[in-house]
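Visitor: Sharing a model prediction with you, sequence too.
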Amino acid sequence: MREIKLTLPMTEEQVRSLKVGDMVLLSGVMFTGRDAVHKHLFEGKSIPVDISGSAIYHCGPVVVKDENGEWSVRAAGPTTSTREEPYQATVIEKYGIRAVIGKGGMGSKTLTACKDFGCVYLHAVGGAAQVLAETVKKVRGVSMLEEFGSPEAIWELEVVDFPALVTIDAHGNSLHAEIAASSEQRLAEVLGPKK
């Protein structure tokens, strides 16, 4: 397994150099986006931030505001990505994102979009929300908080060495699909021939 440090925003060339199984440590600015944001973008509506070249993180962070009005992230675990499958390919194509971060993988439309437009899916560790929050060094801003509420808003997070594993690369490879296929094969072996 290769460990690769990357700075956001990323170029298509950097993304296409990644392979399934690579461990990446991301630094720079990433943006959170869950169901409301993906539907909004899918419908072609604008947002007040430029996400091109960056990463969209399927996350509803737990944030608090201090007495000086500054936000801080207390928990930043990934949410299940397959909920965004109806929207993700369009968001990758239209908004030029280079990485999608979440947990559980994504489907064939996202896999194709990653290959066609130079994007990767990065699997973040579920159950490690507080550990991942420690990589968030600053909340640079929040957009659409009033429209969508805190978990669904677009949080602009400055991170250092955010860890994730490439499980869908920009070459049409999917660790999720490989595991599903090998599991089906093993199940068929265990069950034996149908009678």
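Guide: All right, it came through fine. Numbers count the residues shown, from 1 in each chain.
Visitor: Tell me the helices and strands packed up against the longest strand anywhere in the chain.
Guide: What stands out as the longest strand in the chain, according to DSSP state E, is strand 154-168. Where contact means 3 or more C-beta pairs under 8 Å, 6 or more residues apart in numbering; DSSP states H and E, strand 154-168 is packed against strand 23-32, strand 71-75, helix 108-117, strand 120-123, strand 136-143, helix 175-191. For the C-beta atoms, the positions are set from N, CA and C on the backbone; glycine is no exception.
Visitor: now the longest one against helix 108-117, angle please.
Guide: Angle of helix 175-191 versus helix 108-117, following axes from the mean of the first three to the mean of the last three C-alpha atoms, to 10 degrees, is 140 degrees.
Visitor: please renumber so the chain begins at 41
Guide: Got it, first residue is 41 now, which makes that one helix 215-231.
Visitor: Helix 215-231 to strand 194-208, inter-axis angle?
Guide: 50 degrees.
Visitor: Quick one: residues contacting residue 89.
Guide: Going by C-beta atoms under 8 Å, 6 or more residues apart in numbering, residue 89 touches 71, 181, 183, 194, 196.
Visitor: In contact with the nearest residue to residue 164 once chain neighbours are set aside, which residues are there?
Guide: Distances taken as C-beta to C-beta, 6 or more residues apart in numbering place residue 118 nearest to residue 164, at 4.1 Å, with adjacent residues excluded. With contact set as C-beta under 8 Å, 6+ apart, residue 118 has these partners: 97, 98, 99, 141, 142, 143, 163, 164, 165, 166, 172.
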